[in-house]
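*Asks:* Sequence plus the predicted model coming up.
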Amino acid sequence: MRKRVVVTGIGWVTPLGHDIETVWKRLIAGDSGIAPTTHFDAKTFPTTFAAEVKKDFDFKTIAGASYEKHKKAGRNTHYGMAAAMNAWKMSGLDKAKLDPYQVGIYLGAGEGGLDFPNFTHVALAAWPENSPPGSTLNIKTWGEIALKTFDPMTEVEQEPYMTISHIANEFNARGPSLNCLTACAASTQAIGEAAEIIRSGDADVMISGGSHTMIHPFGVTGFNRLTALSTLNDNPKGACRPFDAGRGGFVLGEGGGIVILESLEHAQARGATILGEIAGYGSSADAFRVTDQHPEGRGAIVAIREALKDAEMKPQDIQYINAHGTGTKENDSTETYAIKAVFDEIQGGAKAVPISSIKSMMGHLIAAAGAVELITCILAIRDNIIPPTANYSQFDPDCDLDYVPNVARKVKVDTAMSNSFGFGGQNDTLIVKRFVA
């Protein structure tokens with residue numbers, strides 16, 4: 001019999017805050033964390049707003065005595081570290097009492113956007129003075145300035161794997177150590193694979209989730225060029241409109257989400273408070289086009305069905321779906337199609353299952369999105385309440401399900417599903433349920 005995997009700690013850093021209860025209350029209230037961009041001057045960009053982690057996020061205070069060894073880490077790592085520290089504290093684990101080789105890490109962590117300020121500094125310094133239009137950089141000067149002014153750790157710290165390095169150092173985690181960067185599905189995939197590591201007996205504890213920020217000029221330019229971002233600059237808070245007929249793109253967000261996973265035996269042996277149980281995980285690839293989901297959701301359908309199979313559940317056992325729900329035309333209609341393909345067999349059809357997208361309020365955290373959304377499912381089960389899909393006002397015949405529009409809903413939730421569909425065709429689904437001994 002395979003080992004059961006439970007969640008004993010959760011932590012997040014989001015555009016709505018970084019305290020579990022504060023963020024949860026804001027989600028239930030339908031509050032928005034989307035506002036004009038402050039990380040850089042975006043006024044000349046097609047999109048001038050984002051879902052940024054706000055300035056009240058104080059990593060130094062959260063890290064405490066550990067701050068000095070992590071202070072030079074990238075913004076992405078600070079988000080992941082803070083989420084991990086809070087989750088670890090909630091779990092009640094004591095690293096001094098653990099076998100470090102039975103504590104592992106599996107993240108879906110992305111870059112931190114640190115390189116751009118250095119690049120700009122060197123480029124401007126190396127540009128010939130009073131240059132006419134079309135001038136090129138003085139390459140020799142570039143090299144001289146770069147060697148004198150670049151902090152090599154700044155380059156290293158922007159890399160995705162550095163978040164794992166800092167977390168391992170903090171918690172003396174010497175077990176399995178992995179990172180995946182499957183775009184928007186990354187942290188969902190990481191949590192699913194971390195659960196498999198525990199099930200197989202290769203670790204007792206896994207620190208899993210993700211962190212990411214792409215709110216920098218390169219990130220925004222790329223998504224604008226792909227026409228994926230909303231450009232509703234006169235209404236940032238209403239710009240992300242999942243499943244609404246007026247949706248026009250997603251809102252770029254940032255942050256981190258971490259869950260502490262343990263084998264049931266390990267958690268019970270130490271008397272841990274169990275927040276939920278990872279019941280099922282499914283993964284697939286579209287094998288279609290890099291920039292588009294398969295229009296009939298063939299990969300998404302497989303991931304959902306595989307998660308149900310893994311959980312030994314039927315569609316009627318799912319009481320809430322936290323949708324990928326980005327607010328782009330294609331994503332939302334394809335996800336709706338996939339959900340209907342699986343859930344239309346139940347009484348009342350797919351319309352009987354409430355669905356919501358919290359991206360409408362906190363934007364798209366890219367690699368960190370899935371972890372934050374799984375935490376949302378855990379809280380929905382804890383409190384029997386489903387957060388709304390904000391900004392919903394116009395019905396779209398291609399999106400004709402129950403998206404819990406604008407107002408949170410009190411309803412019994414024992415089992416929830418979280419979908420994540422990544423750029424490039426990666427699909428991952430997790431099912432979490434109320435723990436029953």
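*Replies:* Sure thing, it's come through.

*Asks:* make it CA atoms for all contacts and neighbour counts henceforth
*Replies:* Will do.

*Asks:* tell me the contacts of the spatially most central residue of the chain?
*Replies:* When CA atoms, centre = their mean is applied to the chain, the residue found nearest the centroid is Ala369 (1.7 Å). Ala369 is in contact with 184-185, 187, 210, 256-257, counting by CA atoms under 8 Å, 6 or more residues apart in numbering.

*Asks:* Quick check: it is in a strand.
*Replies:* No - with DSSP: H, G, I helix; E, B strand; the rest coil as the criterion, Ala369 is helix rather than part of a strand.

*Asks:* ok, which stretches of the stretch 201-350 of the chain are strands?
*Replies:* 205-213, 254-263, 276-285, 320-322 (DSSP state E, counting those that start in this stretch).

*Asks:* Quick one: closest of these to Ile339.
*Replies:* strand 320-322 (9.2 Å; CA to CA).

*Asks:* Pairing partners for the closest one, with directions?
*Replies:* Here strand 320-322 has these sheet partners by DSSP bridges: strand 355-356 (parallel), strand 415-422 (parallel).

*Asks:* Let me know the next secondary structure element after the shortest one.
*Replies:* The first helix or strand that comes after strand 355-356 along the chain, using DSSP states H and E, is helix 359-362.

*Asks:* Quick one: mean pLDDT over that next one.
*Replies:* Regarding helix 359-362, the rounded mean pLDDT is 98.

*Asks:* Which other helices and strands does it contact?
*Replies:* Here helix 359-362 touches no other helix or strand, going by 3 or more CA pairs under 8 Å, 6 or more residues apart in numbering; DSSP states H and E.

*Asks:* Let's verify Thr429: helix, strand, or coil?
*Replies:* Secondary structure, three-state DSSP: Thr429 is strand.

*Asks:* Identify the residue nearest it in space, chain neighbours excluded?
*Replies:* Asn419 (4.6 Å; CA to CA, 6 or more residues apart in numbering).

*Asks:* residues contacting that neighbour?
*Replies:* Contacts of Asn419 by CA under 8 Å, 6+ apart are 304, 321-324, 370, 427-430.

*Asks:* Now render these as TSV, adding distance to Val436, pLDDT and neighbour count.
*Replies:* As requested, these are arranged in TSV below (distance: CA to CA, whole Å; pLDDT from 0 to 100; neighbours: other CA atoms under 10 Å):
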residue	distance to Val436	pLDDT	neighbour count
Ile304	23	98	29
Ile321	20	98	21
Asn322	22	98	26
Ala323	25	98	27
His324	27	98	27
Gly370	24	98	35
Asn427	28	97	30
Asp428	25	98	31
Thr429	22	98	31
Leu430	18	98	30
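
*Asks:* Where do the domain boundaries of the protein fall?
*Replies:* Per the record, the chain has its domains at 5-113+158-433, 115-156, by automatic domain parsing.

*Asks:* end-to-end on stretch 392-409?
*Replies:* One end of stretch 392-409 sits 15 Å from the other (CA to CA, to the nearest Å).

*Asks:* chain center to that stretch, what's the gap?
*Replies:* Mean C-alpha position of stretch 392-409 versus that of the full chain (CA atoms, centre = their mean, to the nearest Å) differs by 22 Å.

*Asks:* can you pull the buried residues of it?
*Replies:* Neighbour counts over stretch 392-409 (16 or more other CA atoms under 10 Å) mark 392, 398-401, 403-406, 408-409 as buried.

*Asks:* ok so, going back, which one of the contacts of Asn419 sits closest to Asn233?
*Replies:* The nearest member of the contacts of Asn419 to Asn233, counting by CA to CA, is His324 at 23.0 Å.

*Asks:* give the contact list for that closest one.
*Replies:* With contact set as CA under 8 Å, 6+ apart, His324 has these partners: 335, 357, 418-421.

*Asks:* now do Gly370
*Replies:* So Gly370 contacts 184-188, 209, 418-420 (CA under 8 Å, 6+ apart).

*Asks:* Surely Val342 and Glu306 touch.
*Replies:* No - contact criterion CA atoms under 8 Å: Val342 and Glu306 do not qualify, at 10.9 Å.

*Asks:* re earlier: could the contacts of Ala369 go into TSV alongside neighbour count and distance to Phe435?
*Replies:* Output for the contacts of Ala369, formatted as TSV (neighbours: other CA atoms under 10 Å; distance: CA to CA, whole Å):
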residue	neighbour count	distance to Phe435
Cys184	28	28
Ala185	30	25
Ser187	37	22
Gly210	43	24
Gly256	36	25
Gly257	36	21
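
*Asks:* Tabulate the residues you listed in TSV, adding columns for pLDDT and distance to Phe223.
*Replies:* Formatted as TSV, the contacts of Ala369 follow (pLDDT from 0 to 100; distance: CA to CA, whole Å):
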residue	pLDDT	distance to Phe223
Cys184	96	13
Ala185	97	17
Ser187	98	20
Gly210	98	20
Gly256	98	20
Gly257	98	23
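
*Asks:* Any idea which of the domains of the chain has the lowest pLDDT on average?
*Replies:* domain 115-156 (a mean of 58).

*Asks:* Show me where the stretch 1-150 of the chain has its helices.
*Replies:* Taking DSSP state H, counting those that start in this stretch as the test, the helices found in the stretch 1-150 of the chain are 20-29, 59-63, 67-70, 75-91, 115-126, 139-149.

*Asks:* nope, the stretch 301-437 of the chain is what I was after
*Replies:* Under DSSP H, counting those that start in this stretch, the stretch 301-437 of the chain gives helices at 329-343, 359-362, 369-383.

*Asks:* so which of those helices gets nearest Ala83?
*Replies:* helix 369-383 (10.1 Å).

*Asks:* which parts of that closest one are buried?
*Replies:* Buried residues in helix 369-383, defined by neighbour count with 16+ other CA under 10 Å: 369-382.

*Asks:* Among those residues, which one lies nearest to Ile164?
*Replies:* Distances from Ile164 to these, taken as CA to CA, are shortest for Ala371 (15.3 Å).

*Asks:* What separation is there between the residue nearest to the centre of the chain and Cys184?
*Replies:* Relative to Cys184, and taking CA to CA, Ala369 is found at 7 Å.
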